[in-house]
Each structure stands twice: as structure tokens, then as C-alpha cells.
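**Q** Mind folding the following:
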Amino acid sequence: MNVKVRQYPQLRQLCWNRPGDAVVDGATALALYERNWRFVEQDALIPRKQKLLDRLVAEYGNGHLLVA
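**A** Residues are numbered from 1 along each chain as shown. Just a heads-up that it's a prediction; the model follows:
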């Protein structure tokens, strides 16, 4: 699974050091969310983004989002 960073505003912020048209694989996207969860505005998660997170967790996180 490849994720186009520009389609997800909060992921784009987490990828500040990558080109605007960056594409990351699913495992990398999940790792970015987990490592930087403190910067994710959880109240601003739109349904499409929540669906992406759910899919990433199911496919790459063994059903668990590892955040504190």
C-alpha cells in the first residue's frame, strides 16, 4: 500500500522534510503516525483519514496503534 502524503494534511505536516508530492509505503506511514502522535490533532481527524489509520493499523500494526 502506498500513501500519497499530500492527500492527508496531518501526514503532510509529519513529513515536513520530504517533497510535497512524496509517497510513502503503508508501514512507513504508520510508523510516522506512531512516532509523532503528539503532533496529530485527533479532534481534526476527518472520516477519510480515520479510515486510512484504521487500515494502516489493521495491515501493519497487528490491530494496535502504539501511541502513548
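
**Q** Counting neighbours, what do you get for residue 9?
**A** Using other Cβ atoms under 10 Å, residue 9 has 12 other residues around it. C-beta: built from backbone N, CA, C; applies to glycine.

**Q** do the same with the one 10 residues further on
**A** Around residue 19 sit 9 other residues, with neighbours defined as other Cβ under 10 Å.

**Q** how much space between it and residue 37?
**A** 23 Å (Cβ to Cβ, to the nearest Å).

**Q** Tell me where this protein has strands.
**A** For the chain, the strands defined by DSSP state E cover 2-4, 23-25.

**Q** hmm, who's touching the first one?
**A** Think strand 2-4. Residues outside strand 2-4 that contact it (Cβ atoms under 8 Å, 6 or more residues apart in numbering): 11, 21, 22, 23, 24, 25, 26, 29, 52.

**Q** and with 6 Å instead?
**A** The contact list for strand 2-4 (Cβ atoms under 6 Å, 6 or more residues apart in numbering) reads 23, 24, 25, 29.

**Q** which residues touch the third one?
**A** Spelled out, it's residue 25. Contacts of residue 25 by Cβ under 6 Å, 6+ apart are residue 2.

**Q** where does it land on pLDDT?
**A** Reading off the confidence values, residue 25 has pLDDT 98.
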